[in-house]
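Enquirer: coordinates for the following, if possible.
(one chain, ligands or ions: 1)
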Amino acid sequence: MYVDSPDIQVIETIEELQNKLNRNERKNTTVGFVPTMGYLHAGHLSLVKQAKEQNDIVVMSIFVNPAQFGPGEDFESYPRNRERDIQLAEEAGVDIVFIPSVEEMYPTDGGIRILPGRQAHELCGASRPGHFDGVLKVVLKLFNIVDPDRSYFGMKDAQQLAIIETFVRDFNVRTAIVRVPIVREEDGLAKSSRNVNLTYLERSEATAIYRALQIGAELSAQGADPSAIERQVSEYIVSNSSGKIDYVKMLAYPGLGPVTVGAQEVILACAVKFSSTRLIDNIIMSTKDGTYVPNDDEQ
Ligand code: AMP
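Expert: Modelled structure (predicted):
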């Protein structure tokens, strides 16, 4: 194979990575790409696993992207551990890990912005203005640097995934986007790098989020309407935790418009804040006999 070292290669500059992944050199070798912000957990590693199954080599990026954090958000306190991440990536079989500095990624700013459309006005986009502009900025740069055949994104960030799918389709970006299901802790909490910033009490209360979404999914299967489901999910979280609700919303997926008759899939999504730690989670449901029931990988 064209990258055949058993050891992971750690690359910090764009030039070195682009030289290595040059299409003339790699010929028919397929590249699977897993972009992350690091502090790796089993969710990230499930993306790697799928990428390994479907490609000859796997490239992971680790970059806490300042462009997607707003003022007062947790860019500074976002957990980081470079050596542990490299070790976990190597054990999972990543061939190349790209760990650029902020200066390497953003040496200049010509002021050009990528403005996502209406999908970005809902959910996290409503409470984090500019967040998805920053996501698309880094994702386009990384796609241009890595030139992957397939890129792997988690359904944990379902809105991000939906916006990236639209972006890639509408702008003919040359990568396939692969959706990977959410990986959860045993008690149901969605794995997240941010979970380490929860206090002991908050960590136990945070399990209310997924329980609430499951209750919402049951109500949905019984035919309840979106606003009743949103209300009950919110009430459950408020009565069973100290979390502050940012939103609980049920929308068509991946378009993120209102749930209307004929929508094939819907998302029941929420964002809840515990002190300064903001957690997101969701359940995707498909239409069945006139109601929406969770997809098989959500059970
Ligand atoms: P992050 O490092 O949080 O930016 O996440 C990098 C990628 O891993 C994104 O595509 C996320 O959606 C995905 N991811 C994060 N947490 C999970 C999880 N619990 N299950 C599946 N994918 C995840």
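Enquirer: this structure: helices as residue ranges?
Expert: 14-20, 23-26, 42-54, 82-92, 102-105, 123-127, 131-146, 158-170, 200-205, 207-221, 226-240 (DSSP state H).
Enquirer: partners of whichever strand in the chain runs longest in the sheet?
Expert: The residue-count maximum for a strand in the chain (DSSP state E) belongs to strand 277-288. Strand 277-288 pairs in its sheet with strand 265-274 (antiparallel), strand 291-294 (antiparallel), by DSSP bridges.
Enquirer: before we move on, the earlier item: how about the helices of the chain in TSV, adding mean neighbour count?
Expert: Backbone N, C-alpha and C define where each C-beta goes, glycine included. TSV is the format used below for those (neighbours: other Cβ atoms under 10 Å):
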stretch	mean neighbour count
helix 14-20	15
helix 23-26	11
helix 42-54	20
helix 82-92	16
helix 102-105	13
helix 123-127	19
helix 131-146	20
helix 158-170	20
helix 200-205	14
helix 207-221	21
helix 226-240	17
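Enquirer: of those helices, which is nearest Met285?
Expert: Of all those, it is helix 207-221 that lies closest to Met285, at 5.9 Å by Cβ to Cβ.
Enquirer: of the strands paired with strand 277-288, which stretch is the most buried?
Expert: strand 265-274 (a mean of 22; mean count of other Cβ atoms under 10 Å).
Enquirer: spatially nearest residue to Lys160, not counting backbone neighbours?
Expert: Small correction: residue 160 is Gln, not Lys. Val135 (5.8 Å; Cβ to Cβ, 6 or more residues apart in numbering).
Enquirer: contacting residues around the one you found?
Expert: Neighbouring residues of Val135 by Cβ atoms under 8 Å, 6 or more residues apart in numbering: 65, 68, 160, 163-164.
Enquirer: what distance do you get for it to the ligand?
Expert: 9 Å (Cβ to the nearest ligand atom, to the nearest Å).
Enquirer: any idea how far that residue lies from Pro258?
Expert: 24 Å (Cβ to Cβ, to the nearest Å).
Enquirer: try Thr277
Expert: Using Cβ to Cβ, we find Thr277 at a distance of 30 Å from Pro258.
Enquirer: ok, the two, which is more surrounded?
Expert: The neighbour count for Thr277 versus Pro258, taken as other Cβ atoms under 10 Å, is higher for Thr277 (20 against 13).
Enquirer: the more buried one contacts Asp74, correct?
Expert: Yes: between Thr277 and Asp74 there is a contact at 7.3 Å, judged by Cβ atoms under 8 Å.
Enquirer: figure out how far the longest strand of the chain is from the centre of its chain.
Expert: Distance, stretch centre to chain centre, for strand 277-288: 12 Å (Cα atoms, centre = their mean, to the nearest Å).
Enquirer: can you list the buried residues in it?
Expert: 277-286 (16 or more other Cβ atoms under 10 Å).
Enquirer: I'd like these laid out as a markdown table, including distance to the ligand and pLDDT.
Expert: Converted to a markdown table, those look like this (distance: Cβ to the nearest ligand atom, whole Å; pLDDT from 0 to 100):
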| residue | distance to the ligand | pLDDT |
| --- | --- | --- |
| Thr277 | 13 | 96 |
| Arg278 | 12 | 97 |
| Leu279 | 11 | 98 |
| Ile280 | 10 | 98 |
| Asp281 | 9 | 98 |
| Asn282 | 11 | 98 |
| Ile283 | 13 | 98 |
| Ile284 | 13 | 98 |
| Met285 | 18 | 97 |
| Ser286 | 19 | 96 |
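Enquirer: okay, the residue of the stretch 1-150 of the chain found nearest the ligand: pLDDT?
Expert: Of all residues in the stretch 1-150 of the chain, the one sitting closest to the ligand is Gly43 (2.5 Å; Cβ to the nearest ligand atom). Listed pLDDT for Gly43 reads 98.
Enquirer: what of the one 3 residues further on?
Expert: Ser46 carries a pLDDT value of 98.
Enquirer: residues of the stretch 1-150 of the chain that sit close to the ligand?
Expert: Residues of the stretch 1-150 of the chain lying near the ligand by Cβ under 6 Å from any ligand atom: 36-37, 43-44, 46-47.
Enquirer: quick check, the residue in the stretch 101-250 of the chain closest to the ligand?
Expert: Relative to the ligand, the nearest point of the stretch 101-250 of the chain is Gly154 (2.2 Å; Cβ to the nearest ligand atom).
Enquirer: nearest residue to that residue in space, please, no chain neighbours.
Expert: Ranked by Cβ to Cβ, 6+ apart and with sequence neighbours excluded, the top spatial neighbour of Gly154 is Val180, at 5.1 Å.
Enquirer: list the contacts of that neighbour.
Expert: Shown in contact with Val180 (Cβ under 8 Å, 6+ apart): 46-47, 50, 152-155.
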